[in-house]
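**Student:** Okay, here's the prediction I keep looking at, along with the sequence it came from:
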Amino acid sequence: MQKTTSKHTKNYIKYVGVELEGYWHDGHDDLKHDGSVHFEDVYNEECDGNCRDHCECYSFCECSDCQACEICDNITNECKCDECLICSDCGYHFESCRCTIESICKKETCTDNDVCDNCMENFQELQNLDYSCDDSCNSYNNCEMNCSCSCECECECDNSVVGEVSSHKLKINEVEKWILNNYPNEVNSSTGLHIHLSFKNDKQDYSVIATEEFYEHFINELKIWCDERKINQNSRFRKRLNGVEYAKRLFLAEEQINGNNERYTQINYCYHKFGTTEIRVGNMFNDKTISVEYVQRVIRIFNEYLSRVKPIVYRLDEVFECSNNKKFDLKLRIKQQKDGLMVYAKSAQFENNFKHYNSFTRCINSDALLELDELNDGVKPNISFLRLKGLQHGSKLFIKGLYTKNMVYNYLDRLHDTLTYDVSILDNDLVEFKE
């Protein structure tokens, strides 16, 4: 057996899920019907779902759509309660933040235990905050069985011998034993081996592997494994590497992350539904030990890539000329973090020269990079950072969600056009700055 990771490679995988398809002669307690699995001369009654009508899967639902805030009853992704506002750096409530407040006023009386008002205000302006019902212990399960989660109840239909068996959440060191203990008696060209991976750094790690560069690297690494393992050139696995009906040779990360229903790709970026990446390129090998090696190699490819390739820090340094010929410089640094996108903005000229701008002010509370622009029948970029305090010293804006490289580049392109042509700066004497 091959080792999952090399001696010096850090493990970035939080959980592994394995789906085995095949024919179990005596059935299996966790077997579910799968319409893509076919065996000649094997009768298998198709389950219509009625056997799960009285299940209580809602009690165990963990999807983000069904987790609500106890304070406001909104889903946790939409909560804006002060009780749930935490410091993203230390994880404590923002009023009890334990981050070090560095004194800049040079007063002897200004110490960690007695910070002056000026230092405290500067610290609060730069404080990295986020709403988190979970970290504030204010979340509860509000599932009503109308979400996208799959029912996990056991099927009670008779004659279920062909289909799919899915694992529970596995640690890496549990994968081999589970596969060997649950492998079907027979497999064929219709049976796939699917792997779900979640990541310790969640969206941060996900953004690294949701790129076309990683996708091509992943397929090439599997071809290398085929050569090392001497997998037959006409084998089922080699054919799947070139793309088949249920594992197409397509990269659709942005579409899938945004909820596109196309999931039959070699890598399905199904974060919106399961919080995982699904690897569908694999098939069930006749020798179950090779299937174990395949799963271990997939994990190794992901871990080695995440150890070597770090999240991109997107940079924008530009001087913009507005409609009244006034100019301002802008420095942006954007990076995907575990829970969302951090935007650092700095512009001395904007805050000194302009009191207010009247375009796209509806973005001020937006939790998205781009949102619908109903007035202009399109989309507009989030430019809320222009209204942050302390912009001349640099301010931070946290935007929830997972954003791929292409999504951020699209945002920067639209941002450039917006700030160059569409932002209207009003006369300082006529308009007062509104918080």
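**Tutor:** Nice, thanks for sending it over. Residues are numbered from 1 along each chain as shown.
**Student:** low-scoring stretches of the stretch 51-200 of the chain, by residue?
**Tutor:** Within the stretch 51-200 of the chain, the ranges that satisfy pLDDT under 70 run 51-60, 62, 98, 100, 102-104, 106, 112-113, 144-146, 148-159.
**Student:** so what's the residue nearest the centre of the chain up against?
**Tutor:** For the chain, K203 is the residue whose C-alpha lies nearest the centre (Cα atoms, centre = their mean; 3.8 Å). Neighbour list for K203: Y271, Q336, Q337, K338, D339, G340, G401, L402 [criterion: Cβ atoms under 8 Å, 6 or more residues apart in numbering]. In short, each C-beta sits where N, CA and C put it, glycine included.
**Student:** now, which of those lie within strands?
**Tutor:** Q336, G340 (DSSP state E).
**Student:** Can you tell me how far R263 is from E254?
**Tutor:** Distance check for R263 against E254: by Cβ to Cβ, to the nearest Å, it reads 14 Å.
**Student:** Break down the stretch 201-350 of the chain into its helices, ranges please.
**Tutor:** 203-209, 212-229, 236-241, 253-257, 271-274, 288-308, 348-353 (DSSP state H, counting those that start in this stretch).
**Student:** can you redo the ones you listed as JSON lines with distance to I75 and mean pLDDT?
**Tutor:** Below are these laid out as JSON lines (distance: least, Cβ to Cβ, whole Å; pLDDT from 0 to 100):
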{"stretch": "helix 203-209", "distance to I75": "17", "mean pLDDT": "96"}
{"stretch": "helix 212-229", "distance to I75": "31", "mean pLDDT": "97"}
{"stretch": "helix 236-241", "distance to I75": "38", "mean pLDDT": "94"}
{"stretch": "helix 253-257", "distance to I75": "18", "mean pLDDT": "94"}
{"stretch": "helix 271-274", "distance to I75": "14", "mean pLDDT": "90"}
{"stretch": "helix 288-308", "distance to I75": "29", "mean pLDDT": "97"}
{"stretch": "helix 348-353", "distance to I75": "35", "mean pLDDT": "72"}
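**Student:** just those: most buried one?
**Tutor:** Ranked by mean neighbour count, the helices of the stretch 201-350 of the chain are led by helix 203-209 with a mean of 23 (mean count of other Cβ atoms under 10 Å).
**Student:** for that helix, the distance to its chain's centre please.
**Tutor:** Computed by Cα atoms, centre = their mean, to the nearest Å, the chain-centroid distance of helix 203-209 equals 7 Å.
**Student:** could you list every residue that touches the closest residue to I219 other than its chain neighbours?
**Tutor:** Nearest non-adjacent residue to I219, counting by Cβ to Cβ, 6 or more residues apart in numbering: L241, 6.3 Å away. Going by Cβ under 8 Å, 6+ apart, L241 touches I219, L222, K223, C226, Q266, V281.
**Student:** quick one: which of those residues is nearest C69?
**Tutor:** Nearest to C69 out of the contacts of L241 is Q266 (Cβ to Cβ; 37.8 Å).
**Student:** Give me the nearest residue to that closest one, chain neighbours excluded.
**Tutor:** In space, Q266 is closest to V281, 4.1 Å off (Cβ to Cβ, 6+ apart).
**Student:** Would you confirm that that neighbour contacts R240?
**Tutor:** Yes. Using Cβ atoms under 8 Å, V281 and R240 qualify as a contacting pair, with a distance of 5.4 Å.
**Student:** Thought R238 was touching N232, still the case?
**Tutor:** Yes. Here N232 reaches R238: they are 7.1 Å apart, a contact under Cβ under 8 Å.
**Student:** Could you list the domains of the protein?
**Tutor:** If you go by automatic domain parsing, the domain ranges for the chain are 13-31+164-308, 64-141, 313-422.
**Student:** Please name the residues that touch K288.
**Tutor:** If you count contacts by Cβ under 8 Å, 6+ apart, K288 has them with I179, L180, Y183.
**Student:** These into TSV, with extra columns for neighbour count, secondary structure and distance to Q392?
**Tutor:** Listed next are the contacts of K288 as TSV, based on neighbours: other Cβ atoms under 10 Å; DSSP: H, G, I helix; E, B strand; the rest coil; distance: Cβ to Cβ, whole Å:
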residue	neighbour count	secondary structure	distance to Q392
I179	21	helix	58
L180	12	helix	62
Y183	20	coil	63
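**Student:** Among the residues you listed, which one lies nearest to V162?
**Tutor:** Comparing the contacts of K288 against V162 with Cβ to Cβ places Y183 closest, at 14.4 Å.
**Student:** Thought L20 was touching that closest one, still the case?
**Tutor:** Yes. Assessed by Cβ under 8 Å, Y183 is found in contact with L20 at 6.4 Å.
**Student:** Okay, and E21 sits in which element?
**Tutor:** For E21, the element it lies in under DSSP states H and E is strand 13-23.
**Student:** And the very next helix or strand once past that strand, what does it pack against?
**Tutor:** Per DSSP H and E, the first helix or strand lying C-terminal to strand 13-23 is strand 31-32. Applying 3 or more Cβ pairs under 8 Å, 6 or more residues apart in numbering; DSSP states H and E, we find strand 31-32 packed against strand 162-166.
**Student:** Please work out which residues outside the strand it packs on touch it.
**Tutor:** In contact with strand 162-166 (Cβ under 8 Å, 6+ apart) are residues 17-24, 28, 30-34, 37-39, 42, 44, 182, 184.
**Student:** relative to strand 13-23, how tilted is that strand?
**Tutor:** Put simply, strand 162-166 runs at 170 degrees to strand 13-23, going by axes from the mean of the first three to the mean of the last three Cα atoms, to 10 degrees.
**Student:** Adjacent strands (with direction) for strand 162-166?
**Tutor:** Looking at strand 162-166 with DSSP bridges, its partner strands are strand 13-23 (antiparallel), strand 31-32 (antiparallel).
**Student:** what's the angle from the longest one to helix 288-308?
**Tutor:** Okay, so that is strand 13-23. 150 degrees.
**Student:** All set, thanks.
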